[in-house]
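Visitor: Here's my sequence, what's the structure:
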Amino acid sequence: MRNRLNGKILLVAGLFMWAFVVRMLTGCSVQKNEQDKVRDLEFAVVGEAELPQELKSLVEEKKAADFRLTYSNDQGLYIAVGYGEQATGGYSIAVRELYLTENSIVVDTELLGPEKGEEVGVEKSYPYIVVRTEYLENPVIFQ
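Guide: Here you go, the predicted structure:
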């Protein structure tokens, strides 16, 4: 009986020790922030007339709701961001940042509303922006 009790105590002590070692090994690592900027990416805003036909069709399909998408061809990587249906016109989109990290591309855009006193019309609008940058295989993170 005493041997059984000693065996259970050793088993429980072993489990605690194993949990402690695993916790220490996983909790004390130094990790670089994956969002650290490596470099800014140069880009150009692409007008609707310059969009590849396949991308133009995708944007047309998705423009009624918010969307984020990428498209690539031999001319580069296209990044498209749409803000869905807006009650009036007069909206614009600013690209706050577009940069490369160690393992991703980060894009940050902002929807800007109509200026005070600006004539906006009464028709709904579907603001979106498409930018073209160099072709990279990294995944895109939208902020």
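
Visitor: contacts, neighbours, all on C-alpha from now
Guide: Will do.

Visitor: Quick one: find the helix or strand in the chain with the lowest mean pLDDT.
Guide: helix 2-27 (a mean of 59; mean pLDDT, DSSP states H and E).

Visitor: A helix includes residue 117, no?
Guide: No. Read with DSSP: H, G, I helix; E, B strand; the rest coil, residue 117 is coil and lies in no helix.

Visitor: from here on, count from 44
Guide: Understood, numbering begins at 44; the last thing we discussed is residue 160.

Visitor: Show the pLDDT at it.
Guide: Residue-level confidence at residue 160 comes out at 77, pLDDT.

Visitor: try the one 3 residues further on
Guide: Among the per-residue scores, residue 163 holds a pLDDT of 79.

Visitor: what's the closest non-adjacent residue to residue 126?
Guide: Of all residues not flanking residue 126 in the chain, residue 109 sits nearest, at 4.5 Å (CA to CA, 6 or more residues apart in numbering).

Visitor: Run a quick neighbour tally on that neighbour.
Guide: For residue 109, the count of nearby residues is 14 (other CA atoms under 10 Å).

Visitor: in the protein, which spans are helices?
Guide: Secondary structure of the chain, counting by DSSP state H: helices at 45-70, 96-105.

Visitor: And whichever strand in the chain runs longest, what does it pack against?
Guide: The residue-count maximum for a strand in the chain (DSSP state E) belongs to strand 135-144. Contacts defined by 3 or more CA pairs under 8 Å, 6 or more residues apart in numbering; DSSP states H and E place strand 135-144 against strand 80-83, strand 148-155.

Visitor: domains of this protein?
Guide: The chain breaks down by automatic domain parsing into domains covering 44-73, 80-185.

Visitor: most tightly surrounded among those domains?
Guide: domain 80-185 (a mean of 15; mean count of other CA atoms under 10 Å).
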